[in-house]
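# Coordinates only, no sequence provided:
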């Protein structure tokens, strides 16, 4: 059995305002764990109101309205 130890870098993103959300246009979260090869500029902070409007629109689109 071969055992190999490796160090992995993980970036943790959190919104500056804890009431806000992070999004890359496809995923939404209050905390994001991503590897070093992911482009950090793809992520942005949005308000609760923006999050609600986006998710409502996505639900309507998924339901065909």
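On my side now, so go ahead. As the structure is a prediction and not an experimental result, all values here were calculated from the model. Numbers count the residues shown, from 1 in each chain.

# which outside residues touch stretch 11-31?
32-36, 38, 40, 42-48, 50-51, 54-55 (Cβ atoms under 8 Å, 6 or more residues apart in numbering). Bear in mind the C-beta positions are built from the backbone N, C-alpha and C, glycine included.

# chain center to it, what's the gap?
5 Å (Cα atoms, centre = their mean, to the nearest Å).

# tell me the SS of residue 51?
The assignment at residue 51 comes out as helix when based on DSSP: H, G, I helix; E, B strand; the rest coil.

# and the closest residue to it other than its chain neighbours, how many neighbours?
Nearest residue to residue 51 in three dimensions, chain neighbours excluded: residue 21, at 4.6 Å (Cβ to Cβ, 6 or more residues apart in numbering). For residue 21, the neighbour count with other Cβ atoms under 10 Å is 20.

# Ok, residue 32 next?
For residue 32, the neighbour count with other Cβ under 10 Å is 18.

# That'll do, ta.
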